[in-house]
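>>> Sequence first, predicted model second:
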Amino acid sequence: MKVRNQKYLTAFGENLKQLIDQKKKTPEDVAALGNIETKQVYRVINGEHSATLSIIIAIATGLEVHPKKLFDFDID
C-alpha cells in the first residue's frame, strides 16, 4: 500500500512541476497566488506531502488551471 501511494505522490509531484514549468511560474508564484506557504508547494512537488483538497485547490488557483489538470498523469 505504501509503495503504491508513494508512486501516486511522486507522479502527482512530477506533473505539478511540469505544469509550473509550462506556465512559466515558480513554486513561489504558485504559493503566492494560491495564498499558501511556499514550503507546501515544494512538499507536494517532492512527493513528501499528500495534498489535501484545499491545498490542491490553492495550487490550481495559483497555476490558473482547473484542479483536474493536476491529476492528468499516467502511472504504472
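Structure's in. What do you need? Residues are numbered from 1 along each chain as shown.
>>> those helices in the chain, which residues are they?
Taking DSSP state H as the criterion, the chain carries its helices at 2-22, 27-34, 38-45, 53-63.
>>> What mean pLDDT does the longest one get?
What that stands for is helix 2-22. Averaged over helix 2-22, pLDDT sits at 93.
>>> Show me what it is packed up against.
Contacts defined by 3 or more Cβ pairs under 8 Å, 6 or more residues apart in numbering; DSSP states H and E place helix 2-22 against helix 38-45, helix 53-63. (Each C-beta comes from the backbone N, C-alpha and C, glycine too.)
>>> got JSON lines for these, with mean neighbour count, distance to Ala11 and mean pLDDT too?
Below are the helices and strands packed on helix 2-22 laid out as JSON lines (neighbours: other Cβ atoms under 10 Å; distance: least, Cβ to Cβ, whole Å; pLDDT from 0 to 100):
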{"stretch": "helix 38-45", "mean neighbour count": "19", "distance to Ala11": "12", "mean pLDDT": "97"}
{"stretch": "helix 53-63", "mean neighbour count": "18", "distance to Ala11": "14", "mean pLDDT": "97"}
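>>> closest to Gln6 out of those helices?
helix 38-45 (13.3 Å; Cβ to Cβ).
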